[in-house]
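Student: Have a look; sequence and predicted model below, questions after that.
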Amino acid sequence: MPGLYRIVEGPLDLESAIQAVSGPDRGAIATFIGTARDHHDGRPVQSLEYHAYVPMAEAVMRQIGGEIASRFGTPHVAILHRIGRVAVGDPSVIIAVAAAHRREALAACSHAIERLKGIVPIWKKEHYAGSARWIEGPDPPALTS
Amino acid sequence: MTVRVLLFARYREAAGKAAVEVEIGEDATLADVWESVRARVPALREERRPLFSCDRVYARPDHPVTGREEIAVFPPVSGG
């Protein structure tokens, strides 16, 4: 089954995501790299820390891959998310989607990051000078039917 | 019956452990499990927006519990 869905301890490798989705029948590979930002609401952030419910996170990322296959017609999706401490500027998430044409690849890549932020069980903690805070997302879209 | 409940992120930090075991009745739902968890862990009593999963799939508070599932409760997610 195509696709790569991994929670990773340590630095993320963009090349491995691209390799996982590339192939001769695809004319486009769209990638997204989310990086640790040094501020939030005007407050300086020193580093980020991510925590995940690893087996469920990987299962939900695979579910997002299934959504992409049915909505955008391509099964070639890679989603990698880092856990643990992430230094400012370093990637926390990498997504790659390959498709026959650019429009599907770009739209699918955008779908993947929006859904990841909405439903994959991963949490971010911001570390400031001398303190830290868990970030809590908005109420999620309907998760169960 | 006794069920083990996995905690994540802020809930885990508040509880000081990765999982708690609670005693629930035969016809319990996830909402009942959450009430028992909050009774055991005072730091979680103010939490208002828990999400639940059963066997690594999101589940609603009225989902029945058999005691054989992997149950988890956690705050709204914030990855990315």
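Tutor: Received it, and whenever you're ready, just let me know what you need.
Student: Could you check which residue of chain A lies nearest chain B?
Tutor: Nearest residue of chain A to chain B (CB to the nearest CB) works out as A:Ile122 at 2.9 Å. Glycine gets a C-beta too; all of them are placed from N, C-alpha and C.
Student: what's the neighbour count on that residue?
Tutor: When neighbours are counted by other CB atoms under 10 Å in any protein chain shown, A:Ile122 registers 29.
Student: Do you know the pLDDT at the residue nearest to it when sequence neighbours are not counted?
Tutor: Once flanking residues are discounted, A:Ile122 sits nearest to B:Gly79: 2.9 Å by CB to CB, 6 or more residues apart in numbering or on different chains. Predicted confidence (pLDDT) for B:Gly79: 97.
Student: quick one: contacts for B:Gly79?
Tutor: Neighbouring residues of B:Gly79 by CB atoms under 8 Å, 6 or more residues apart in numbering or on different chains: A:50, A:52, A:57, A:81, A:92-93, A:116-117, A:120-124.
Student: Tell me which two in those residues are the farthest apart.
Tutor: A:Ser92 and A:Pro121 (15.0 Å; CB to CB).
Student: neighbour-wise, which of those two wins?
Tutor: A:Pro121 (27 against 22).
Student: ok, that one touching A:His51?
Tutor: No. In this structure, A:Pro121 is not within contact of A:His51 by CB atoms under 8 Å, at 9.3 Å.
Student: which residues are common contacts for those two?
Tutor: Common neighbours of A:Pro121 and A:His51 (CB under 8 Å, 6+ apart) are B:Phe8.
Student: What confidence value was assigned to residue 9?
Tutor: You didn't pick a chain, so chain A it is. A:Glu9 is given a pLDDT of 98.
Student: my bad, the chain I had in mind was chain B
Tutor: Note on B:Ala9: pLDDT of 97.
Student: State which helix of chain B is the longest.
Tutor: What stands out as the longest helix in chain B, according to DSSP state H, is helix B:30-40.
Student: In its sheet, which strands sit next to the following helix or strand past it, and in what direction?
Tutor: Downstream of helix B:30-40, the first helix or strand assigned by DSSP states H and E is strand B:51-54. In the sheet, strand B:51-54 lines up against strand B:57-59 (antiparallel), strand B:71-74 (antiparallel) (DSSP bridges).
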